[in-house]
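>>> here is a sequence with its predicted model. Questions after.
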Amino acid sequence: MYRANFYESTCLRCNEIVYQVDRVGPLKDFTFFHSGCFKCVHCGTKLTLKTYFNNQHKQDDKEVSMKVDGSVRGKS
């Protein structure tokens, strides 16, 4: 993956360049999102760094979900 410089990264959701002023992250494995793309993959709710969950046990699963009272919305 090409990175123009240290301050530019690619958004996991839309694959567009995300600049430092509009990015959320780095998350697991230096994953970045635009602030508008940082939504639950299941319900589409906008997330924050306090309300998101990602799978820490699977390295290839980089999607984010909403954390609700210790459980994860959308997961069974």
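On my side now, so go ahead.

>>> contacting residues around the closest residue to residue 52 other than its chain neighbours?
Of all residues not flanking residue 52 in the chain, residue 64 sits nearest, at 4.7 Å (C-beta to C-beta, 6 or more residues apart in numbering). For the C-beta atoms, the positions are set from N, CA and C on the backbone; glycine is no exception. Residue 64 is in contact with 27, 33, 38, 39, 40, 41, 47, 52, 53, 54, counting by C-beta atoms under 8 Å, 6 or more residues apart in numbering.

>>> give the closest residue to the last one in space, chain neighbours not counted.
Meaning residue 54. Nearest non-adjacent residue to residue 54 (C-beta to C-beta, 6+ apart): residue 64, at 5.1 Å.

>>> what's the separation between residue 46 and residue 54?
Separation of residue 46 from residue 54 (C-beta to C-beta, to the nearest Å): 16 Å.

>>> the two: who's more crowded?
A direct count of neighbours by other C-beta atoms under 10 Å for residue 46 and residue 54 places residue 54 higher, at 17 against 12.

>>> isn't the more buried one up against residue 47?
No: between residue 54 and residue 47 there is no contact under C-beta atoms under 8 Å: 10.1 Å.

>>> buried residues in the lengthiest strand in the chain?
In the chain, taking DSSP state E as the definition, the longest strand is strand 64-68. Across strand 64-68, burial judged by 16 or more other C-beta atoms under 10 Å covers 64, 65, 66, 67.

>>> each with direction, which strands does it pair with?
Take DSSP bridges as the rule and strand 64-68 pairs in its sheet with strand 52-54 (antiparallel), strand 71-72 (antiparallel).

>>> worst mean pLDDT among those?
Among those, strand 71-72 has the lowest mean pLDDT, at a mean of 54.

>>> buried ones from the contacts of residue 64, can you make that a PyMOL selection?
In PyMOL syntax, the buried subset of the contacts of residue 64 is picked out as below (16+ other C-beta under 10 Å):
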select buried, resi 27+33+38+39+40+47+52+53+54
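
>>> since that was my last question, I'll sign off now.
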